[in-house]
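Student: Give me a 3D structure for the following:
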Amino acid sequence: MDIHFIAIGGAVMHNLAIALHKKGYRISGSDDEIFEPSCSRLDAHGILPEKQGWDPDRIHAGLDAVILGMHARKTNPELKRAQELGIRIYSFPEYLYEQSKNKKRVVIGGSHGKTTITAMVMHVLRDQNKDFDYMVGSQIEGFDTQVKLTKEAPYIILEGDEYLSSPIDPRPKFHLYNPHMVLLSGIAWDHMNVFRSFESYKKQFRNFLKIATGGGKVFYYDGDPVLGDVVDKSHWSLMKIPYNEHPHSIESGRFVLKTKYGSVPITVIGRHNMQNIQGALLICRDLGINDQHFYDSIQTFKGAARRQQLLANGNNRAVYLDFAHAPSKVKATVNAFKETYRDQKLVTCLELHTDSSLNMEYIPQYKGTLDEADQAMVYYNPAIVKRKRLPPLSPDEIKEQFGKEDLVVYNDSSQLENDLRSLDDNACVLLIMTSGNFSGIDLNNLAQEVVGG
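Tutor: Below you'll find the predicted structure:
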């Protein structure tokens, strides 16, 4: 098979390209910019494009398929040539389905927690020596790639994202997987730039459950009334199984699972992760893992990249990085850290970076999300706002919408960095939350300076 990737440098796109290369497919690709780690990883497998940019001459009648990444535009010259030649064009979720038609497909979705639950399931299955394929949206410790595709594995674990599939396919990605088993962790309005109302956003989950109807099974978090309503109104033939938090306690600042086998210490924190663990337990149980083996394996789960990731620790200080950026994720993460580090000052620093988070129509959703922080900071880059063609924002407007009296809002990354370096409390935990990079701040170096390393 000869496959060409348009926008090969994307996080999942380059992983899919590597997975197919390992499977023996001939892979070519293109992109206008390829950043690390995509660049080095493609190069290591011999499939890095020789030059950056788009070239319609790369598209020829000998190609079996073109896989189109979200980063490309509808007017992409390579896409136009492929359409002219009548070559089959796939989005990456479409092609993942093509590769897994003969497997049992497990899709883990929801507005928050889906990456972590997927990672938990993958960790346990690998630790229990089970053979499986997968696609996950973040790098997971112990896994070389974010995508694995084989002929032999009997099932595939798929993180189900509700964002659009490609520039020419507006269907949410998780609509294309046709799952046998589903887990939904919750519904909280996200991707406002695409789904302009909460009702429109909820509709994507209702439609998703229609696809799973017909002997399918859905595990769902029972503490979310919006999700509960969507599941209740789904087709009668869908097997609906609710779950809640796994029983737990906090002992010496560490979360401990309460099980019939005794106490099981774990490394992740927060009530939302107790929900995630219970969901992962049900998925693994359904895939043939007994509970005792699950608990044996989950103890060594350290989380996905940029999910409660410890950057530095020392001198009674710790710095963590988390991918939280949507309101529900921010609130859950802040509350988890406050619950765990009760005796230390919690300093939070949130970057508003996405289309939704920089839109004043959406920012009111953040009200109350930082209330549990002892000291809270928010950063945004006015240049990003302008580049996204959104109305300008002022720090005062943002502060008012968050509703936290002592919140400090920055639009100068240098000033923010200086203030973080000079935190005046001896004992504190700094929680950095972003899906971006704070306009180029070296977060690892900053973390070392904060703890005095």
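
Student: Doesn't residue 94 belong to a strand?
Tutor: No - using DSSP: H, G, I helix; E, B strand; the rest coil, the secondary structure at residue 94 is helix, not a strand.

Student: So it is in contact with residue 176, correct?
Tutor: Yes - here residue 94 reaches residue 176: they are 5.3 Å apart, a contact under C-beta atoms under 8 Å. For the C-beta atoms, the positions are set from N, CA and C on the backbone; glycine is no exception.

Student: Mind listing the shared neighbours of these two?
Tutor: Each of residue 165 lies in contact with both residue 94 and residue 176 under the rule C-beta atoms under 8 Å, 6 or more residues apart in numbering.

Student: Tell me where the stretch 1-150 of the chain has strands.
Tutor: 2-6, 26-30, 65-68, 89-91, 104-109, 133-135, 147-148 (DSSP state E, counting those that start in this stretch).

Student: The third one pairs with which strands?
Tutor: Spelled out, it's strand 65-68. strand 2-6 (parallel), strand 89-91 (parallel) (DSSP bridges).

Student: Next: the shortest one.
Tutor: Taking DSSP bridges as the criterion, strand 147-148 forms sheet pairs with strand 133-135 (antiparallel).

Student: can you list the weak-confidence ranges in the chain?
Tutor: Applying pLDDT under 70 to the chain flags the ranges 213-215, 453.

Student: Can you pull the domain assignment for it?
Tutor: Domain assignment for the chain by automatic domain parsing gives 2-87, 95-298, 309-450.

Student: any chance of those domains in TSV, plus mean neighbour count?
Tutor: Shown next, in TSV, are these (neighbours: other C-beta atoms under 10 Å):
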stretch	mean neighbour count
domain 2-87	18
domain 95-298	19
domain 309-450	18
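
Student: Show me how far stretch 373-387 is from its chain's centre.
Tutor: Per C-alpha atoms, centre = their mean, to the nearest Å, the displacement of stretch 373-387 from the mean C-alpha position of its chain is 21 Å.

Student: hmm, who's touching it?
Tutor: The contact list for stretch 373-387, computed with C-beta under 8 Å, 6+ apart, reads 334, 338, 345-353, 358, 370, 391-393, 398-399, 402, 404, 406-411, 413, 416, 419-420, 431, 438-439.

Student: what about the helices in this protein?
Tutor: Taking DSSP state H to define them, one finds helices in the chain at 11-22, 38-44, 77-85, 92-99, 114-127, 198-212, 225-232, 271-286, 291-298, 327-340, 382-387, 395-402, 413-421, 443-450.

Student: Residues in contact with the third one: which ones?
Tutor: So the one you mean is helix 77-85. The contact list for helix 77-85, computed with C-beta under 8 Å, 6+ apart, reads 4, 6, 30, 54-56, 58-61, 63, 66, 68, 72, 89, 167-168.

Student: Pull the contacting residues for the residue in the chain sticking out farthest from the centre.
Tutor: In the chain, the residue that sits farthest from the middle, by C-alpha atoms, centre = their mean, is residue 61; the gap is 36.1 Å. Residue 61 makes contact with 85, 87 under the criterion C-beta under 8 Å, 6+ apart.

Student: For residue 336, see how far away it is.
Tutor: As judged by C-beta to C-beta, to the nearest Å, residue 61 and residue 336 stand 54 Å apart.

Student: What of residue 366?
Tutor: 17 Å.

Student: Same check on residue 56?
Tutor: To residue 336, residue 56 is 49 Å away according to C-beta to C-beta.

Student: and if you look at residue 285?
Tutor: Distance, residue 285 to residue 336, by C-beta to C-beta: 25 Å.

Student: what's near enough to touch the nearest residue to residue 278 once chain neighbours are set aside?
Tutor: Closest residue to residue 278 apart from its sequence neighbours, by C-beta to C-beta, 6 or more residues apart in numbering: residue 246 at 4.1 Å. Each residue near residue 246 by C-beta under 8 Å, 6+ apart is listed here: 257, 258, 274, 275, 277, 278, 281.

Student: Swap in 6 Å and give it another go.
Tutor: 257, 274, 277, 278 (C-beta atoms under 6 Å, 6 or more residues apart in numbering).

Student: show me what contacts the nearest residue to the second one once chain neighbours are set aside?
Tutor: Leaving aside its chain neighbours, residue 274 sits nearest to residue 245 (4.2 Å; criterion: C-beta to C-beta, 6+ apart). By C-beta under 6 Å, 6+ apart, the residues touching residue 245 are 271, 274, 275.

Student: if you set the cut-off to 10 Å instead, what comes out?
Tutor: Neighbour list for residue 245: 221, 222, 223, 271, 272, 273, 274, 275, 276, 277, 278 [criterion: C-beta atoms under 10 Å, 6 or more residues apart in numbering].

Student: one step back: ramachandran angles for the residue nearest to residue 278?
Tutor: Main-chain torsions, residue 246, degrees, to the nearest 10: phi -70, psi 140.

Student: For it, give its distance to residue 219.
Tutor: Counting by C-beta to C-beta, the gap from residue 246 to residue 219 is 13 Å.

Student: between those two, what contacts are shared?
Tutor: Counting by C-beta under 10 Å, 6+ apart, the contacts common to residue 246 and residue 219 are 278, 279, 280, 281.

Student: and those as TSV, adding distance to residue 17?
Tutor: TSV is the format used below for the shared contacts of residue 246 and residue 219 (distance: C-beta to C-beta, whole Å):
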residue	distance to residue 17
278	35
279	30
280	28
281	33
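
Student: with those residues in mind, which one is nearest to residue 237?
Tutor: Taking C-beta to C-beta as the measure, residue 237 sits nearest to residue 279 out of the shared contacts of residue 246 and residue 219, at 22.0 Å.

Student: residue contacts, that closest one?
Tutor: For residue 279, the contacting residues are 108, 110, 113-114, 116-117, 120-121, 183-185, 219-221, 243-244, 246, by C-beta under 10 Å, 6+ apart.

Student: mind redoing it with 8 Å?
Tutor: With contacts defined as C-beta under 8 Å, 6+ apart, residue 279 is in contact with 108, 113, 117, 183, 185, 219, 221, 243.

Student: Same check on residue 267?
Tutor: 299, 300, 301, 302, 303.

Student: What is the neighbour count of the third one?
Tutor: Neighbours of residue 301 under the rule other C-beta atoms under 10 Å: 23.

Student: I figured it was touching residue 265, is that so?
Tutor: No - Residue 301 is beyond contact range of residue 265, at 11.6 Å (criterion: C-beta under 8 Å).

Student: measure residue 341 to residue 252 for me?
Tutor: Residue 341 is 12 Å from residue 252, by C-beta to C-beta.

Student: do the same with residue 207
Tutor: Taking C-beta to C-beta, one finds residue 207 at 46 Å from residue 252.

Student: from the shared contacts of residue 246 and residue 219, which is closest to residue 199?
Tutor: Using C-beta to C-beta, residue 279 comes nearest to residue 199 of these, at 25.5 Å.

Student: Nearest residue to residue 166 in space, please, no chain neighbours.
Tutor: Distances taken as C-beta to C-beta, 6+ apart put residue 91 closest to residue 166, at 3.7 Å, once the chain neighbours are dropped.

Student: need the contact list for residue 428.
Tutor: 316, 317, 344, 345, 346, 347.
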